[in-house]
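**Student:** my questions concern the predicted model and sequence given below.
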Amino acid sequence: MIPHVGLREFASAAAGARVEPDPSNLMVEFRLPARSTPIPSPAKTLTQAIPMLDLARQYHSLRPDILAAVERVCASTHYILGEEVATLERELAAYAGAAAAVGCASGTDALWLALLATGIQPGDPVITTPFSFFASASAIVRAGARPVFADIDPRTFNLDPARLATNLRDGQHQRVSALLPVHLYGQCADMSALTALAEEFKLVVIEDAAQAIGAAWKNTRAGAIGHAAAFSFYPTKNLSAYGDAGCITTNDPALADHLRRLRNHGSPRRYVHEEFGWNSRLDAIQAAILRVKLPHIENWNAQRRQRAATYDQLFLAAGLGAASLGTTGSPITLPWRDPNAHHVFHQYVIRAKRRDKLRQFLADRQIGSEVYYPIPLHLQTCFAYLGYREGDLPEAERAAREVLALPMFPELTEEEQKRVVEVVAEFYS
Ligand SMILES: Cc1ncc(COP(=O)(O)O)c(C=O)c1O
């Protein structure tokens, strides 16, 4: 039996409250400069590489605070969970506008634990998007459930509620127990429509907010909308640790307590195990680092939004880039902002004609770019047992052929952005 709590209650409780490289796709190394190593100024690197992401610039600006936080934890000799993690959890919950946050080992574990804690049973169908990072769907399999892929809205790349509604009402998706929307690239899925569907069909909603810390839908932040939400603090995310880390947020205190047990061997007290749980604890050094960074997230997200606006202006000034899909003649389509969404631009993603050739052209000029994601999940070999075939989810398949993410991080300079746009313009000239 799946516990069901009204989403409207959650939404109204939170009403006052106010993406990326995947592990395999990093454009810069994680090796950090030694204290004596001068950090190259972005202007000097201009004729050199423009990476997708440069973590060294952020580290340089925070270095004394980060090192002090690490020293504090080392000196405390309390390395796992403890006060550092509990304080971070309170701070994250307050930031997201949720009642509670529960730290865990990764965003992948956060999704899996959320599915278990909300009562998803083996064999339960769980609807998600085929156009996401693998973990959005593998977490469903790991919970013993069955992913059901529904196509995306071509403008936002997120689950398309209209198609989903048709499929649910036609009885195409039967016995579904949960909805797992992903807020891809830092923009929330249409949570009004998805929440309404969840209420109609009695579905648990688990937000995959891995790429969306600080994003919002109609003034409610990602993490405070569904029954539970999963965040990742993987080093490339908008709020990032120096290792793996994640958390689950929820407005249900009982669910939060259950999650705290599940992440720690199912144990409410030392050596007492009333149910099975696992080791998915957050360590105190990562929590301390995240606590240094959390106060900066609003500013970093604002800078990302600014960089996105700058790209838009530069592309339009160069005569490139239709602002909406289907505009003829333009070789690229700029990212679409849903007016109800506060987009935090984890990634700035365009659709591009001759995408792979453009990507090579950029790489030849040492400009980073990435394809998130080149193979939609329903066509991945490991999901062949689900029986999907090419053509089943045409919008996800088209997106996989057309999307290209350009360099995006708060410290990216306007000079670097101009160079990126110049090179794109040169390619299409
Ligand atoms: C959409 C999405 N879901 C889940 C995850 C998994 O997070 P993690 O890498 O922390 O396990 C990621 C990030 O890698 C992601 O981008």
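**Tutor:** That came through, no problem.
**Student:** every contact and neighbour count from this point should use C-alpha atoms.
**Tutor:** Noted.
**Student:** now stretch 146-159: mean pLDDT?
**Tutor:** Averaging pLDDT along stretch 146-159 yields 97.
**Student:** oh sorry, the question was meant for stretch 421-429
**Tutor:** 96.
**Student:** repeat that for stretch 286-301.
**Tutor:** pLDDT averaged over stretch 286-301 gives 98.
**Student:** also stretch 386-401?
**Tutor:** 98.
**Student:** could you check that stretch and say which residues are buried?
**Tutor:** The neighbour-count check on stretch 386-401 (16 or more other Cα atoms under 10 Å) flags 388, 393, 395, 396, 397, 399, 400, 401 as buried.
**Student:** contacts for it, please.
**Tutor:** Residues outside stretch 386-401 that contact it (Cα atoms under 8 Å, 6 or more residues apart in numbering): 130-131, 150-154, 157, 351, 355, 371-376, 378-379.
**Student:** what of stretch 79-88?
**Tutor:** The contact list for stretch 79-88, computed with Cα under 8 Å, 6+ apart, reads 73, 103, 281, 282, 283, 284, 285, 287, 288, 290, 291.
**Student:** quick check: residues of the chain near the ligand?
**Tutor:** Proximity of the chain to the ligand, by Cα under 6 Å from any ligand atom, involves residues 22, 106-108, 132-133, 135-136, 208, 210-211, 232-234, 244-246.
**Student:** repeat that with 5 Å
**Tutor:** 106, 107, 108, 133, 135, 136, 210, 232, 234 (Cα under 5 Å from any ligand atom).
**Student:** may I ask which of those has the most neighbours?
**Tutor:** Counting neighbours by other Cα atoms under 10 Å, residue 210 leads the residues of the chain next to the ligand with 34 neighbours.
**Student:** could I get the contacting residues of that one?
**Tutor:** 19, 107, 183, 230, 231, 232, 233, 237.
**Student:** what do you get if the cut-off is 10 Å, keeping everything else the same?
**Tutor:** 19, 106-108, 110-111, 133, 136, 182-186, 222-223, 229-234, 237-239, 246-248, 346 (Cα atoms under 10 Å, 6 or more residues apart in numbering).
**Student:** which residues of the stretch 151-300 of the chain fall in helices?
**Tutor:** Remark: helices assigned in the stretch 151-300 of the chain by DSSP state H, counting those that start in this stretch are 161-169, 191-201, 253-262, 284-293, 297-317.
**Student:** out of these, which one sits most buried?
**Tutor:** helix 284-293 (a mean of 23; mean count of other Cα atoms under 10 Å).
**Student:** next, the angle helix 297-317 makes with that one.
**Tutor:** Helix 284-293 runs at 60 degrees relative to helix 297-317, counting by axes from the mean of the first three to the mean of the last three Cα atoms, to 10 degrees.
**Student:** report the distance from helix 284-293 to the chain centre.
**Tutor:** Between the centre of helix 284-293 and the centre of its chain there are 19 Å (Cα atoms, centre = their mean, to the nearest Å).
**Student:** pLDDT at the one residue sitting closest to the centre of the chain, what is it?
**Tutor:** Residue closest to the average C-alpha location in the chain (Cα atoms, centre = their mean): residue 211, at 1.6 Å. Here the pLDDT value assigned to residue 211 is 98.
**Student:** my guess is it contacts residue 345, does it?
**Tutor:** Yes - using Cα atoms under 10 Å, residue 211 is in contact with residue 345, at 8.7 Å.
**Student:** state the distance from residue 246 to residue 385.
**Tutor:** With distances taken as Cα to Cα, to the nearest Å, residue 246 is found 29 Å from residue 385.
**Student:** neighbour count winner among these two?
**Tutor:** Using other Cα under 10 Å as the criterion, residue 246 and residue 385 rank with residue 246 on top: 27 against 8.
**Student:** quick check on residue 405: phi, psi?
**Tutor:** The phi and psi values for residue 405, taken as degrees, to the nearest 10, are phi -90, psi 130.
**Student:** how about residue 367?
**Tutor:** Dihedral pair for residue 367: phi -110, psi 120, per degrees, to the nearest 10.
**Student:** where does the residue nearest to it when sequence neighbours are not counted land on pLDDT?
**Tutor:** The shortest distance from residue 367 to any non-neighbouring residue, by Cα to Cα, 6 or more residues apart in numbering, is to residue 50 (4.8 Å). What the model reports for residue 50 is a pLDDT of 97.
**Student:** still on that earlier bit, can you pick out the most distant pair from the residues of the chain next to the ligand?
**Tutor:** 136 and 234 (14.5 Å; Cα to Cα).
**Student:** how far away from the center of its chain is stretch 195-212?
**Tutor:** Relative to the chain's own centre, stretch 195-212 is displaced by 15 Å; criterion: Cα atoms, centre = their mean.
**Student:** compute the first-to-last residue distance for that stretch.
**Tutor:** Termini of stretch 195-212 sit 18 Å apart (Cα to Cα).
**Student:** residue 425 in helix, strand or coil?
**Tutor:** For residue 425, the secondary-structure state derived from DSSP: H, G, I helix; E, B strand; the rest coil is helix.
**Student:** that one contacts residue 361, correct?
**Tutor:** No - with contact defined as Cα under 10 Å, residue 425 does not count as touching residue 361 (11.0 Å).
**Student:** using the three-state scheme, assign residue 103.
**Tutor:** The three-state label given to residue 103 by three-state DSSP is strand.
**Student:** next one: it from residue 381, what distance?
**Tutor:** With Cα to Cα as the criterion, residue 103 and residue 381 are 32 Å apart.
**Student:** so between those two, which is more surrounded?
**Tutor:** Neighbours were counted for residue 103 and for residue 381 using other Cα under 10 Å; residue 103 has more, 29 against 8.
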